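# I'd like to go over a predicted model; first the sequence, then the structure.
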Amino acid sequence: QVQLVESGGGLVQSGGSLRLSCLAASGDVWNIYALGWYRQAPGKQRELVATIRDAGGDMNYEHYADSVKGRFTISRDRAKTTVYLQMNDLKPEDTALYYCYADMMNPPRDYWGQGTQVTVSS
């Protein structure tokens, strides 16, 4: 198992910034294929926000939801056990519970954090 510990959520005004962090604190962290973030707003389905994984050599593959492109940036530390989500120019529609996840290689399965609340006031 992999334990994911999130931090960094909170309340911010529209146009503000927050940085989320997620640490893969224990377990088979060497077996992580990708790390990323989903979010779920009240009454809505959970949606992918951003993901990051190896792309060969020192390169990363990053993917973003269209709604956050140009505003959010995903990154990870050199050990590839901590993933960050820098969120700039936040909008009220970004208000949601943000979940960190880890995709594992072998066997393939997902692990999830407990979620961190992001609230953007207008």
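Thanks, I have it. Fair warning: this is a prediction, and the values are worked out from it, not measured in the lab. Numbers count the residues shown, from 1 in each chain.

# Every contact and neighbour count from this point should use C-alpha atoms.
Will do.

# For the most centrally placed residue in the chain, what are phi and psi?
In the chain, the C-alpha nearest the mean C-alpha coordinate belongs to W37, at 2.6 Å (C-alpha atoms, centre = their mean). Dihedral pair for W37: phi -130, psi 140, per degrees, to the nearest 10.

# What confidence value was assigned to it?
Looking at W37, its pLDDT is 98.

# do the same with the one 10 residues further on
E47 is assigned a predicted lDDT (pLDDT) of 97.

# What of A79?
At A79, pLDDT is 87.

# Helix, strand, or coil at it?
Reduced to three states with DSSP: H, G, I helix; E, B strand; the rest coil, the structure at A79 is coil.

# From start to finish, how long is stretch 55-74 in a straight line?
Across stretch 55-74, the terminal residues are separated by 15 Å (C-alpha to C-alpha, to the nearest Å).

# Mind listing what's buried along that stretch?
E62, H63, Y64, V68, F72, T73, I74 (16 or more other C-alpha atoms under 10 Å).

# Quickly name whichever of these is closest to K80.
Within these, the smallest distance to K80 is 12.2 Å, found for I74 (C-alpha to C-alpha).

# Can you tell me the closest non-neighbouring residue to that closest one?
Sequence neighbours aside, L85 is the residue nearest to I74 in space, at 4.6 Å (criterion: C-alpha to C-alpha, 6 or more residues apart in numbering).

# circling back: quick one: residues contacting the residue nearest to the centre of the chain.
Taking C-alpha atoms under 8 Å, 6 or more residues apart in numbering, we find W37 in contact with L48, V49, A50, T51, L85, Y98, Y99, C100, Y101.

# any idea which of those residues is the one closest to V118?
Using C-alpha to C-alpha, the contacts of W37 come closest to V118 at Y98, 6.9 Å.

# residues near the closest residue to S121 other than its chain neighbours, how many?
Nearest non-adjacent residue to S121, counting by C-alpha to C-alpha, 6+ apart: Q13, 4.8 Å away. For Q13, the count of nearby residues is 14 (other C-alpha atoms under 10 Å).

# Which strands border the helix or strand E6 falls within, and is each parallel or antiparallel?
If you go by DSSP states H and E, E6 is part of strand 2-7. Using DSSP bridges, the strands paired with strand 2-7 are strand 18-27 (antiparallel).
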